[in-house]
Structure formats: structure tokens, C-alpha cells
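J.: from the sequence below, what's the structure:
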Amino acid sequence: MSSSDAKITEAELENDLGPRRVYSTSPSAPSRMPAFASVLAVIAILYFGKNVLLPLAIAVLLTFALAPISSRLRKLGMPRIPAVIVTVVIAFLVLVLFGLVVAGHVAEVAQNLPAYQGNIIAKIRSLHESGTDSGIVRRLTSVVESVGRELSNAGERPVAPGTGSTPREPVLVEIFAPSRPIETLTSLIGPLLGPIASLGLIIVVVIFMLLEREELRDRFIRLVGYGDLHRTTEAIQEAGSRVARYLLMQLVVNCAYGVPLALGLWAVGIPNPALWGMLAIVLRFVPYIGPVIATVLPLFLAFAVDPGWSLVLWVGAIFLVLELTSNNVIEPWLYGSRTGLSPLAIIVAAIFWAWLWGPVGLVLSTPLTVCLAVLGRYVPQFEFLEVVFGSDPVLDPKERLYQRLLAGDPDEATDYAEEFLEEDYLEDYYGKVAIPALLLAEKDRRRGVLTAEQMEQVFGTAITLVSNLAEIAQEEEQEEEEEEEEQKEKPAAGRPSPPKEGNGDESELPDGRGKTVFCVGGRGPLDDASAAMLAQILQVQGAEVVAARHSDIPNRRAMSLVPKQSNAIVVCFLNEDSARHATILVRRFKRIYPAIRVGAVLWVENQKERQPPALGEADFVATNLTSAAREALADAPPSLMTPARKIRTRRSSNKTGIAAAPPGI
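T.: Below is the predicted model:
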């Protein structure tokens with residue numbers, strides 16, 4: 001195929017399918033398959049080696065929790081070995097005593113449960129009688145009874161005719177064996193050998209980890225991060241501090257919940273109140289599920305103990321008060337208990353570790369997931385762990401806004417803007433978030449991945465966003481007026497007025513009251529959106545603003561839209577290569593309105609790296625929102641326009657190439 005045929009084919013394709021889009025290709029990134037394979041291998045090792053790794057994981061977490069106590073004892077003058085031994089002995093004595101007390105109370109509750117059977121049956125009957133009129137309880141009971149009958153009938157299958165055999169009823173047989181003390185003792189101690197051995201192993205590992213904490217840290221750095229000591233040291237310190245802070249603060253929060261719970265249950269007369277307070281302290285380490293279990297058990301006991309319903313209501317009120325106090329007072333006060341994990345990540349992690357290591361994994365799920373999140377923050381190959389588990393936003397505010405503009409969702413974009421504006425002003429939001437988001441859209445337009453329909457959708461969503469923020473703009477305008485009035489009242493009260501000039505505050509915008517500004521987009525819908533944002537900022541300063549679209553310029557509608565008393569005309573461009581087009585528009589406006597200051601805004605994301613280009617006859621050229629608003633509201637006079645050059649046309653020549661002589665020669 002010749003080159004001409006190829007050109008014809010490409011032209012035909014372009015006519016049929018439209019102009020081809022040019023998608024930018026990112027540089028070749030390293031494959032994530034090795035990291036994914038490593039994750040699968042680690043999960044398999046954790047699952048099949050849980051008998052060995054689970055005690056080690058508990059020992060590591062206890063080491064993180066006990067290390068601050070051991071360090072504090074060493075700072076008080078106690079030698080290393082006694083400090084570690086004292087810390088470990090006290091910690092495990094507390095845990096053992098805690099377990100013994102809980103076991104004793106559980107045994108007592110189990111012995112007393114048959115005494116509560118009458119109350120339970122009486123309440124179920126009262127519920128049945130109260131629901132007789134509606135028939136709901138009766139129908140539910142009949143359904144359960146019918147299902148029970150079907151199950152029992154399925155077990156009693158009829159004997160085939162002619163067999164002559166009838167089913168025999170089972171005969172109770174009781175076997176008496178001579179007493180063997182050794183076997184009885186073995187049967188009692190055997191089930192306890194495994195937990196006792198694991199506990200002893202955990203104690204020994206914790207002692208040695210606390211004794212050789214610095215040595216283990218150095219070995220870990222030499223093994224995985226010798227090439228980047230700074231990053232590895234930060235990762236170790238952050239993992240240790242976050243896990244230790246979480247365990248300590250969670251223990252404080254749980255104790256502040258469990259102790260008042262035990263006192264409240266004792267006051268209303270619930271049996272074994274200390275048991276339920278201690279169980280609440282332990283169960284609240286399990287995210288989301290633990291507090292529910294800690295609440296259900298005392299409620300069920302109150303249901304069984306009291307013949308009436310008052311005790312159940314009292315217990316429910318105690319839990320309600322404690323939950324509100326813990327969630328709204330204690331946890332916000334202990335702000336350091338934050339783990340840096342998202343709520344969904346905590347739930348998913350709890351499910352994963354419970355599947356992997358059972359109930360113990362459920363308790364350890366949050367600390368272990370914190371370590372994984374820290375690993376993802378400092379190791380590039382596992383960055384996805386920080387993205388999946390972390391609570392920090394994964395998109396910049398400008399990227400987040402651009403995504404909402406592309407999706408055509410002004411409501412969510414307005415919600416994000418209102419969150420931002422709780423601490424900052426509208427000028428900061430437009431300058432740091434909205435205009436950079438439009439620059440991202442302009443970048444995609446130049447790459448050819450943003451269609452005309454999408455640009456109009458981005459423009460429409462942005463205009464709706466500006467309209468939704470009009471109320472906030474009015475509030476800021478009123479604040480500006482109140483501040484101006486306060487400044488005027490201060491000199492009248494005998495106080496010195498602040499200097500108006502030369503104060504060095506470049507971020508302060510001038511007063512726009514009594515001024516009129518005309519804002520217009522340069523070449524596209526995105527430019528129109530930026531002009532609308534600039535217009536709202538000028539309105540906040542008290543100026544009268546008229547905004548127009550770029551489509552009004554060719555048919556000279558914009559020329560008639562410009563108020564005659566305007567102080568400035570501002571043309572906005574998001575394309576950094578639009579200097580030539582900006583020069584043409586500025587010259588056109590200057591010729592029609594020579595008495596008005598005319599300038600252009602060439603938006604850039606980082607104005608420190610680039611200087612604004614010179615646009616010939618422009619009175620000003622700005623690159624950001626603050627400088628554009630300051631120039632548009634400035635009191636400087638317009639620059640004089642240079643006279644237009646006269647274009648000379650050549651006279652027609654004759655066929656011989658000799659110019660025709662002027663008349664009279």
C-alpha cells in the first residue's frame with residue numbers, strides 16, 4: 001500500500017469514526033504479581049503454621065504493650081533484667097488472676113441457671129398470651145411445632161411389609177468401671193497441657209524480646225532495610241508506637257466502660273456483676289462484635305432473673321448511658337487511640353483473622369492490621385495495603401473534585417466543599433482545589449481523552465457547585481463588611497487605625513465595593529467555569545460582576561454585555577499555551593473599551609515555577625486566583641493602547657511586470 005493510499009484510508013476512518021483520541025501511556029510500572037504471590041504465600045504460611053505463629057504473634061504484641069513499662073522502670077534506675085522480669089511477672093499475674101476470677105464466676109452462673117428456668121418459662125408464656133389476639137405468636141409456635149413433628153416422623157421410617165421385623169427400642173446400658181486415679185488425673189490435666197505450654201512459651205518469648213529489644217531491632221533493620229535506614233527506622237517506630245498506643249488506650253477505654261458497668265449492674269441487683277464488667281473489658285477488644293456480646297449476656301440474665309420487666313429496662317438504660325459516654329466523651333478525649341484504619345478495613349480484618357486463627361485472631365485483628373498498614377506505607381511493593389486498610393484519603397482534594405465533576409455529581413462535590421470551607425475561605429477552596437481540578441480536566445482535554453459532551457458536563461457541574469456555594473459567599477461578604485465597619489469605628493473610639501498601605505499582607509484582597517468587573521472564558525467551557533469561580537470571589541469582595549461564556553465572543557454578544565461603567569475586563573484561560581489567543585482577545589477588548597483595564601488570567605498549578613508571559617497590550621497578566629482578584633480590583637489606570645498599524649496593499653501590475661504609473665506622471 002502506498003503512502004497516498006494510507007493517507008486516504010486514515011482520512012476515511014477519521015470521517016467515519018471522528019478524530020482519533022491520543023491516550024497517554026504511563027511508563028512501564030513494575031508488575032505487582034510478585035507482591036501478590038508473596039501475599040498468598042504468607043497467608044498459606046500463617047494458616048498452616050498457626051500453632052507456632054499464633055503464640056509468637058501474641059508475644060510480639062505483648063512486647064509492644066509492655067515495652068513502655070519496662071523502659072519507664074529502667075529510667076527510674078532499675079537494671080535491665082529486673083525491670084523486664086518485674087514487668088512480665090506483674091502483667092501475667094494480672095492476666096492469670098483475671099482468668100481465674102472469670103472462670104469462677106462462670107461456674108457459679110452455670111450452677112444458678114436452672115433456678116431461673118421458671119422465670120424464663122413464665123415470661124415466654126406471658127408473651128404468648130399477649131400475642132394471642134394478633135395471632136402472630138400462635139402462628140409462629142404452630143410452624144415450629146409442625147417442623148418438629150416432620151423431623152421426628154422422618155426419623156421413624158415404616159418397616160417394609162413382609163419383613164416380619166419390628167424396630168427395637170434402644171436399651172439404656174450403664175457401664176461401671178473400677179476407679180483409676182491415674183487415668184482420672186490424666187483426663188483432667190491433659191486438656192490443660194496445651195494452653196499451659198503455650199502460656200509458658202509466650203512468657204519466655206516476651207522476656208527475651210524485652211531483654212534483646214534493641215538487638216532484635218538492629219537485626220531486623222539489617223535484614224530488610226539496611227539500604228534505607230531512615231525509612232526502616234520510621235516504620236519500626238511508627239508500628240511500635242501505634243500498636244502500643246492502641247492497646248494502652250483501648251485498655252483504658254475498656255476499663256472506663258467495664259468498671260462503671262459492674263457497679264451499675266450491682267446496684268440494680270444483677271448476679272455476678274464483676275463477671276459482666278470483666279467480660280466487657282475483654283470483649284471490647286473485639287471490634288464491633290465484642291460490645292454487642294457484652295451487652296446481650298447481662299440482658300439475657302436480667303430477663304431470666306426478674307419475673308417482671310423492670311430489671312431488663314434498667315440494664316438496657318445502663319448500657320445506653322455507658323455507650324453514649326464512651327463513644328462521645330471518653331474516646332474523643334483519648335484521641336491517641338486512633339489506629340489509622342478505616343472502619344470497613346477493621347471489619348474485613350476481623351473476619352480475615354478470625355478465619356485464619358479463630359477467636360484469638362479476632363482479638364488480635366486490629367493490632368496485626370495496624371502493622372500491615374505501616375508495612376504498606378513504608379514498603380513500595382506493599383503500598384496497596386496502606387490504600388486498602390488506611391483511613392487517610394487516597395485522592396487529593398483536587399482529584400476528588402475532578403472525579404465528581406466527571407461523574408456529574410454536584411451534590412457530593414458540594415459536600416466536600418462545605419467540609420473544606422469549615423476551616424478555610426472560599427478563595428482558598430477555589431485556588432487550591434477547584435481551579436487545580438479544572439486544570440486536570442484541561443490536561444485530559446489536551447490529551448484527547450475528554451470529549452465535548454464531558455467538557456459540557458464538567459462545566460455544568462462546576463456552575464452548579466458555584467451556585468450551591470453562593471450562600472457561603474454571601475456570608476463571607478457580610479463578614480467582610482462587618483470587618484470594614486469595625487475598622488472604621490476603631491479610629492472614632494480613639495484607637496489608632498491600622499495602616500492601609502505597606503503592611504506587607506499580600507493575601508488580603510482589596511475592597512471591591514463600587515467597582516464593576518466583567519469576567520469571560522477564553523476558549524472553552526472549562527475556561528468559562530474558571531471565570532465563574534473568579535466572578536464569585538470578586539462578588540465576595542463587594543464588586544458588581546458580570547460573567548459571560550467564550551461562545552459570546554465571536555458573535556460580539558460579549559461586547560454588548562460589558563457594562564459601560566466597568567473597571568476591568570478579565571479573560572480566563574486554563575490552557576498554558578493560549579498566550580497568542582489571549583493577546584488577540586485583549587487587543588480586541590482594548591480597541592473597543594480603551595478606558596477600561598483589560599487583563600488575562602493564564603491559570604497554572606504552581607505559579608512559583610512559571611512566570612506569567614507578557615501579553616503586549618494587556619494591563620495585567622495573572623496566574624492564580626489571588627493575583628487575578630487583586631489586579632481586577634486595583635485602582636491603577638488603564639495603559640495607553642498603541643495605534644494600529646496601517647496595512648499597505650500592493651498596486652496591481654501590468655502583464656510586463658512594470659508597475660502602473662500614478663496619475664499625473
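J.: pretty sure residue 522 sits against residue 578.
T.: Yes. Taking C-beta atoms under 8 Å as the contact criterion, residue 522 and residue 578 are neighbours in contact, 6.0 Å apart. Where you see a C-beta, it was placed from the backbone N, CA and C, and this is true even at glycine.
J.: what's the first helix or strand after the helix or strand in which residue 356 is found?
T.: Assigned by DSSP states H and E, residue 356 belongs to helix 343-378. Beyond helix 343-378 on the C-terminal side, the first helix or strand identified by DSSP H and E is helix 383-389.
J.: ok, residue 376 touching residue 387?
T.: Yes. Contact criterion C-beta under 8 Å: residue 376 and residue 387 qualify, at 7.2 Å.
J.: the two: which is more packed in?
T.: Set residue 376 next to residue 387 and count neighbours by other C-beta atoms under 10 Å: residue 376 wins out with 19 against 13.
J.: could you list the low-confidence segments of the stretch 451-600 of the chain?
T.: Across the stretch 451-600 of the chain, the stretches falling below the confidence threshold (pLDDT under 70) are 484, 487-507, 554-559.
J.: where exactly do the strands run in it?
T.: 516-521, 544-548, 568-573, 597-602 (DSSP state E, counting those that start in this stretch).
J.: in CSV: the ones you listed, plus mean neighbour count and distance to residue 97.
T.: Shown next, in CSV, are those (neighbours: other C-beta atoms under 10 Å; distance: least, C-beta to C-beta, whole Å):
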stretch, mean neighbour count, distance to residue 97
strand 516-521, 24, 74
strand 544-548, 20, 74
strand 568-573, 27, 73
strand 597-602, 26, 72
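J.: got JSON lines for these, with distance to residue 340 too?
T.: Compiled in JSON lines, the strands of the stretch 451-600 of the chain are given as follows (distance: least, C-beta to C-beta, whole Å):
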{"stretch": "strand 516-521", "distance to residue 340": "43"}
{"stretch": "strand 544-548", "distance to residue 340": "43"}
{"stretch": "strand 568-573", "distance to residue 340": "40"}
{"stretch": "strand 597-602", "distance to residue 340": "40"}
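J.: how about those strands, which one is nearest residue 303?
T.: Distances from residue 303 to each of those were compared using C-beta to C-beta; the minimum, 67.2 Å, belongs to strand 544-548.
J.: touching that closest one from outside, list them.
T.: Around strand 544-548, the neighbours that count as contacts under C-beta atoms under 8 Å, 6 or more residues apart in numbering are 515-521, 531-532, 535-536, 538-539, 557-558, 561-563, 566.
J.: orientation of it relative to strand 568-573 in degrees?
T.: Note on geometry: by axes from the mean of the first three to the mean of the last three C-alpha atoms, to 10 degrees, strand 544-548 and strand 568-573 are set 40 degrees apart in direction.
J.: and the gap between residue 269 and residue 586?
T.: Relative to residue 586, residue 269 is positioned 85 Å away (criterion: C-beta to C-beta, to the nearest Å).
J.: apologies, that question was intended for residue 473.
T.: According to C-beta to C-beta, residue 473 and residue 586 sit 28 Å apart.
J.: neighbours around residue 208, how many?
T.: As a burial measure, residue 208 scores 14 neighbours (other C-beta under 10 Å).
J.: residue 259 now?
T.: Residue crowding around residue 259 was assessed by other C-beta under 10 Å; the count is 15.
J.: and the one 4 residues further on, by the same measure?
T.: Residue 263 has 13 neighbours, counted by other C-beta under 10 Å.
J.: residue 512 touches residue 541, doesn't it?
T.: Yes. With contact taken as C-beta under 8 Å, residue 512 and residue 541 are classed as touching, separated by 3.6 Å.
J.: what do these two both touch?
T.: Jointly contacting residue 512 and residue 541 under the rule C-beta under 8 Å, 6+ apart are residue 633.
J.: how about the contacts made by residue 561?
T.: By C-beta under 8 Å, 6+ apart, the residues touching residue 561 are 518, 546, 548, 552.
J.: state the pLDDT value of residue 629.
T.: For residue 629, the pLDDT comes out at 90.
J.: give me the element it is part of.
T.: Element membership for residue 629 (DSSP H and E) is helix 625-632.
J.: residue 193 too?
T.: Under the criterion of DSSP H and E, residue 193 resides in helix 181-211.
J.: any idea which helix or strand comes after that helix?
T.: Downstream of helix 181-211, the first helix or strand assigned by DSSP H and E is helix 213-224.
J.: who are the packing partners of that following helix?
T.: Helix 213-224 is packed against helix 229-268, with contacts defined by 3 or more C-beta pairs under 8 Å, 6 or more residues apart in numbering; DSSP states H and E.
J.: give me the contact list for the next helix or strand after the helix it packs on.
T.: Using DSSP H and E, the helix or strand that follows helix 229-268 in sequence is helix 273-283. In this structure, residues lying in contact with helix 273-283 by C-beta under 8 Å, 6+ apart are 98, 101-102, 105-106, 109, 251, 254-255, 257-259, 261-266, 270, 290-291, 293-294, 297-298, 301.
J.: cool, and stretch 613-629?
T.: For stretch 613-629, the surrounding residues in contact (C-beta under 8 Å, 6+ apart) are 427, 430-431, 435, 506-507, 509, 533-534, 537-538, 541, 568, 570, 572, 579, 582-583, 586-587, 590, 597-604, 607, 610, 612, 631, 634, 636, 638-639, 641-642.
J.: more neighbours: residue 269 and residue 586, which one.
T.: Relative neighbour count places residue 586 above the other of residue 269 and residue 586, with 22 against 13, counting by other C-beta under 10 Å.
J.: how many neighbours does residue 233 have?
T.: Here the count is done by other C-beta under 10 Å, and residue 233 has 14 residues near it.
J.: you'd agree it is up against residue 218?
T.: No. Shown here, residue 233 and residue 218 do not form a contact pair, counting by C-beta under 8 Å, at 10.5 Å.
J.: what about residue 194, neighbour count?
T.: There are 10 residues near residue 194, going by other C-beta under 10 Å.
J.: measure residue 383 to residue 221 for me?
T.: Relative to residue 221, residue 383 is positioned 20 Å away (criterion: C-beta to C-beta).
J.: are any of the contacts of stretch 613-629 buried, and which?
T.: Among the contacts of stretch 613-629, those buried by neighbour count (16 or more other C-beta atoms under 10 Å) are 427, 430-431, 435, 509, 533-534, 537-538, 541, 568, 570, 572, 579, 582-583, 586-587, 590, 597-604, 612, 631, 634, 638.
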